[in-house]
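Engineer: Dropping the sequence and predicted coords here.
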Amino acid sequence: MFKHMIAGITALSLTFATAAPVQANGFDREDVGKLLIGIAAIAALNVAIENNKRNDRVAEPARTVDHRSNRNTDSWADLNRQRPRQNNQARNRDLPRECLQSVETRFGTQRLFGQRCLERNYARVNHLPNRCAVRVFTDNGPRNGFDPLCLREQGFRATRRN
């Protein structure tokens with residue numbers, strides 16, 4: 001705090017020293033009073049700025065530690081590990097293989113799960129991740145569907161039966 005105040009006072013004094021003509025006589029009481037009031041105003045502004053900076057910092061909430069288990073669930077080693085799923089949850093993530101289509105575009109063949117096919121053959125289309133939705137432009141117009149690689153990364157898979 002004092003570094004900033006001293007730097008400000010030095011800058012002001014250099015500014016006024018070069019702008020004011022040199023006087024042969026020293027300061028009188030009025031000049032000393034003006035100088036002290038200016039220094040006090042600069043100090044008050046400095047305190048207000050420091051206080052504002054302190055108030056802008058948001059206090060982070062303290063993390064509570066769960067002592068019931070010693071297993072660290074936020075480990076980097078566990079990020080790619082598949083968690084065991086319940087049977088019902090595994091069944092809900094099986095997509096019908098017949099909806100996996102190859103579509104010809106001007107950039108080559110692309111594979112996708114067709115939107116209308118999934119709506120007819122898969123009950124949980126609304127639960128598929130929106131980030132995997134794609135729109136492919138073909139010679140016959142646009143086709144809506146889902147990217148199979150993205151769905152696989154999200155834990156979905158195509159059934160083995162055709």
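Structural biologist: Structure received.
Engineer: can we go C-alpha only for contacts and neighbour counts from here?
Structural biologist: OK.
Engineer: buried set for stretch 117-128?
Structural biologist: 118, 122 (16 or more other Cα atoms under 10 Å).
Engineer: end to end, how far does it reach?
Structural biologist: Using Cα to Cα, to the nearest Å, one end of stretch 117-128 lies 14 Å from the other.
Engineer: care to break this protein down by domain?
Structural biologist: Per automatic domain parsing, the domain ranges recorded for the chain read 2-19+30-55, 91-158.
Engineer: Can you pull the phi and psi angles for residue 128?
Structural biologist: Main-chain torsions, residue 128, degrees, to the nearest 10: phi -70, psi 140.
Engineer: could you pull out the helices for the chain?
Structural biologist: With helices called from DSSP state H, the chain shows them at 2-19, 29-56, 87-92, 115-121, 148-153.
Engineer: Output the contacting helices and strands for the last one.
Structural biologist: In terms of contact count using 3 or more Cα pairs under 8 Å, 6 or more residues apart in numbering; DSSP states H and E, helix 148-153 is assigned the packing partners strand 108-114.
Engineer: strand partners of the strand it packs on, parallel vs antiparallel please.
Structural biologist: Partners of strand 108-114 in the sheet, by DSSP bridges, are strand 100-105 (antiparallel), strand 141-146 (antiparallel).
Engineer: Let's have those strands in a markdown table, adding mean neighbour count.
Structural biologist: A markdown table is the format used below for those (neighbours: other Cα atoms under 10 Å):
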| stretch | mean neighbour count |
| --- | --- |
| strand 100-105 | 16 |
| strand 141-146 | 16 |
